[in-house]
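K.L.:
generate a structure from the sequence data that follows.
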Amino acid sequence: MSETGVQLAYLAAAVLFILGLKGLSSARTAVRGNTLAAVGMAIAIAAALLDAGVLDWEWMLGGVVVGSVIGVTAATRIQMTEMPEMVALLNGFGGVASALVAGAELLGYWDAGLAPDGVVATAIVLGTLIGGLTLTGSLVAFGKLSERITSAPVVYGGQQVINALLGVLLLLVAAIVALDPLGATQEYWVLAALALLLGVLLIIPIGGADMPVVISLLNAYSGLAACATGFVLDNAALVISGSLVGAAGLILTKIMCDAMNRSIGNVLFGAFGAVGDPAAAGGGSQGTAKSYTPEDAAVIFSNASSCIVVPGYGMAVAQAQHAVRELANVLGEKGVRVQFAIHPVAGRMPGHMNVLLAEADVPYEELVEMSEINPQFPETDVALVLGANDVVNPLAREPGSAISGMPILDVDRARHVFVIKRSMSPGFAGIQNPLFFNDNTMMIFGDAKAVVLAVLDAVRSY
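P.N.:
Residues are numbered from 1 along each chain as shown. Alright, predicted model coming up:
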């Protein structure tokens, strides 16, 4: 392919990336946006391979076949409840790919006895540093989300000091390698090892409640690593796509932090929810929760004209989204207006609830953001909470509580509140929810899917 053709292909890919990212800003256009971005990446990959003659066709086709088999197998076997940890792994794969490309390029310079220029040397260092950190950080996030390791923050004395010293040492080694990439062979391997270690140490003190923010931030890291690799390879498509992913991830991280009324520094270094943390331990038992049956819920629904469903991680664990959609359909047939209240940090990854409800074909117009739905709760007959905890906790309105100031869904202001939970255990924040003890709250204990199906049968037969 001619150089002009390659650059035109990269331009077309960049336009598709931007259109794809724009499409991902709305649940209604997300599928189309994802398709556009995928087509753009296919064009960019084809142009890069045809331009540079990087590999023989046999290797290219072999890579496509192996990657496709792995991708299809993972996509067909993964459960929707496991999507957060899958996303964490994909972030890690993106990071390690960038680090490996940067390392391979540097090895090529060493073999030729040449030193890369300043821009390339700096990009190699950044690709290795950010990519290595992203890999191990993502693996830790995967372990926490999949509960292979504890989701609670892992803290120890002097942790922040150790991390700070390690960070300073990493920057010093990075500077040495960037200034003398040909002579600093040993230092490069030290740089890679320190980056891998720092990725672990930065993520282990972050608890499960903050994993949505961590996933978003690691996604940004993987994009920045790809951008650095683009400079290493002098590849415009990588620079553009990496910049877009990095910027989008950072913006989303900021949005997620605002949704919890916390700073990114507090999320990364606050160790929220750690054992022994007095803030996280607050909000003890405040009374006796009243247990009700699905038949009781059917009586309330029979006299209701409006219902707001609040999905949470409990719905994801039980894979109850299809049952919830069926219940919403039946209630709609009985004249009940049903809407779904979406909190930005509900679940374990950004957009978790939107993905699940979209899978169940819930109409986009029924998904309402927190700022729009909150004024409606006082006029709503029934609020149905499915496994959500922290995002509906009224303690957020009280100064001094562990989640003070966090924007929440005003579920407690509805006329009747049904809460479906397996038990009275607290949420990721580790504090009890006084909503469960309110006079207008009715608890129904059990698996979300089983309970919703029982409520559905009761509503149909009432």
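
K.L.:
now do the same contact list for the nearest residue in space to residue 17 that is not next to it in sequence.
P.N.:
The shortest distance from residue 17 to any non-neighbouring residue, by CB to CB, 6 or more residues apart in numbering, is to residue 40 (4.9 Å). Any C-beta I mention is one placed from the backbone N, CA and C, and that applies to glycine too. Taking CB atoms under 8 Å, 6 or more residues apart in numbering, we find residue 40 in contact with 12-17, 20, 241.

K.L.:
rerun at 10 Å
P.N.:
Residues in contact with residue 40 (CB atoms under 10 Å, 6 or more residues apart in numbering) are 9-10, 12-20, 237, 240-241.

K.L.:
now residue 7
P.N.:
Residue 7 neighbours (CB under 10 Å, 6+ apart): 1, 47, 51, 236-237.

K.L.:
I'd like to know which elements the longest helix along the chain is packed against.
P.N.:
Ranked by residue count under DSSP state H, the longest helix found in the chain is helix 83-112. Contacts defined by 3 or more CB pairs under 10 Å, 6 or more residues apart in numbering; DSSP states H and E place helix 83-112 against helix 57-77, helix 118-145, helix 185-203, helix 211-233, helix 236-259, helix 313-318, helix 352-359.

K.L.:
burial of residue 48, as a residue count?
P.N.:
As a burial measure, residue 48 scores 20 neighbours (other CB atoms under 10 Å).

K.L.:
I figured it hits residue 229, correct?
P.N.:
No - taking contacts as CB atoms under 10 Å, residue 48 lies outside contact range of residue 229: 11.5 Å.

K.L.:
give me the common contacts of these two.
P.N.:
235, 238.

K.L.:
how far does the worst-scoring helix or strand of the chain on mean pLDDT sit from the chain's center?
P.N.:
Across the helices and strands of the chain, mean pLDDT, DSSP states H and E gives its lowest value to helix 264-269, namely a mean of 76. Centroid separation for helix 264-269 versus its chain: 16 Å, with CA atoms, centre = their mean, to the nearest Å.

K.L.:
what about the stretch 351-462 of the chain, any weak spots by pLDDT?
P.N.:
For the stretch 351-462 of the chain, applying pLDDT under 70 flags the ranges 402, 426-430.

K.L.:
next one: the stretch 201-350 of the chain
P.N.:
In the stretch 201-350 of the chain, residues with pLDDT under 70: 208-209, 270-287.

K.L.:
just the buried ones from the contacts of residue 40?
P.N.:
Neighbour counting over the contacts of residue 40 (16 or more other CB atoms under 10 Å) leaves 9-10, 12-14, 16-20, 237, 240-241 as the buried ones.

K.L.:
hmm, which of those is lowest in pLDDT?
P.N.:
pLDDT is lowest at residue 237 among these; the value there is 84.

K.L.:
quick one: neighbours of residue 147, just the number.
P.N.:
So residue 147, with other CB under 10 Å, has 10 neighbours.

K.L.:
element containing it?
P.N.:
Here residue 147, judged by DSSP states H and E, is contained in no helix and no strand.

K.L.:
my guess is it contacts residue 84. True?
P.N.:
No - the pair residue 147 and residue 84 does not pass the contact test of CB under 10 Å, sitting 11.4 Å apart.

K.L.:
could you tell me which residues touch both of those two?
P.N.:
Common neighbours of residue 147 and residue 84 (CB under 10 Å, 6+ apart) do not exist.

K.L.:
residue 439 in helix, strand or coil?
P.N.:
Under DSSP: H, G, I helix; E, B strand; the rest coil, residue 439 falls in the coil class.

K.L.:
what about it, how many residues nearby?
P.N.:
Counted with other CB under 10 Å, residue 439 comes out at 8.

K.L.:
isn't it right up against residue 290?
P.N.:
Yes - contact criterion CB under 10 Å: residue 439 and residue 290 qualify, at 8.7 Å.

K.L.:
so the residue nearest the centre of the chain: helix, strand or coil?
P.N.:
Nearest to the geometric centre of the chain sits residue 349, at 2.9 Å (CA atoms, centre = their mean). Per three-state DSSP, the secondary structure class of residue 349 is coil.

K.L.:
excluding covalently adjacent residues, which one is nearest to it?
P.N.:
Residue 349 sits nearest to residue 84 (CB to CB, 6+ apart), 4.0 Å away.

K.L.:
ok, residue 423 next?
P.N.:
residue 445 (6.8 Å).

K.L.:
how close does the one you found get to residue 314?
P.N.:
11 Å (CB to CB, to the nearest Å).

K.L.:
kindly reformat the contacts of residue 40 as a markdown table containing distance to residue 333 and secondary structure.
P.N.:
Putting the contacts of residue 40 into a markdown table (distance: CB to CB, whole Å; DSSP: H, G, I helix; E, B strand; the rest coil) gives the following:
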| residue | distance to residue 333 | secondary structure |
| --- | --- | --- |
| 9 | 52 | helix |
| 10 | 52 | helix |
| 12 | 48 | helix |
| 13 | 47 | helix |
| 14 | 48 | helix |
| 15 | 45 | helix |
| 16 | 42 | helix |
| 17 | 43 | helix |
| 18 | 42 | helix |
| 19 | 39 | helix |
| 20 | 37 | helix |
| 237 | 50 | helix |
| 240 | 49 | helix |
| 241 | 46 | helix |
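
K.L.:
just the closest of those residues to residue 36, please.
P.N.:
Residue 36 has its nearest neighbour among the contacts of residue 40 in residue 20, at 4.0 Å by CB to CB.

K.L.:
can you pick the most crowded of the contacts of residue 7?
P.N.:
Using other CB under 10 Å as the neighbour test, the contacts of residue 7 are led by residue 237, with 26 neighbours.

K.L.:
picking up where we left off before, measure how buried the residue nearest to residue 423 is and give me the count.
P.N.:
14.

K.L.:
cool, residue 381 as well?
P.N.:
Neighbours of residue 381 (other CB under 10 Å): 17.

K.L.:
let the chain start at 331 from now.
P.N.:
Understood, numbering begins at 331; the last thing we discussed is residue 711.

K.L.:
ok, now which ones touch it?
P.N.:
So residue 711 contacts 630-631, 633-638, 666-667, 744-746 (CB under 10 Å, 6+ apart).

K.L.:
one more pass at 8 Å, please.
P.N.:
630, 633-637, 666, 744-746.

K.L.:
what sits closest to it if chain neighbours are left out?
P.N.:
Nearest to residue 711 is residue 634, by CB to CB, 6+ apart, at 3.7 Å.

K.L.:
likewise residue 476?
P.N.:
residue 415 (4.5 Å).

K.L.:
quick check: residue 698 is in a strand.
P.N.:
Yes - assessed with three-state DSSP, residue 698 lies in a strand.

K.L.:
if we can go back for a sec, with distance to residue 529 as extra columns, can I get the contacts of residue 370 in CSV?
P.N.:
Listed next are the contacts of residue 370 as CSV, based on distance: CB to CB, whole Å:
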residue, distance to residue 529
339, 34
340, 31
342, 35
343, 29
344, 29
345, 33
346, 31
347, 26
348, 30
349, 32
350, 28
567, 26
570, 26
571, 22
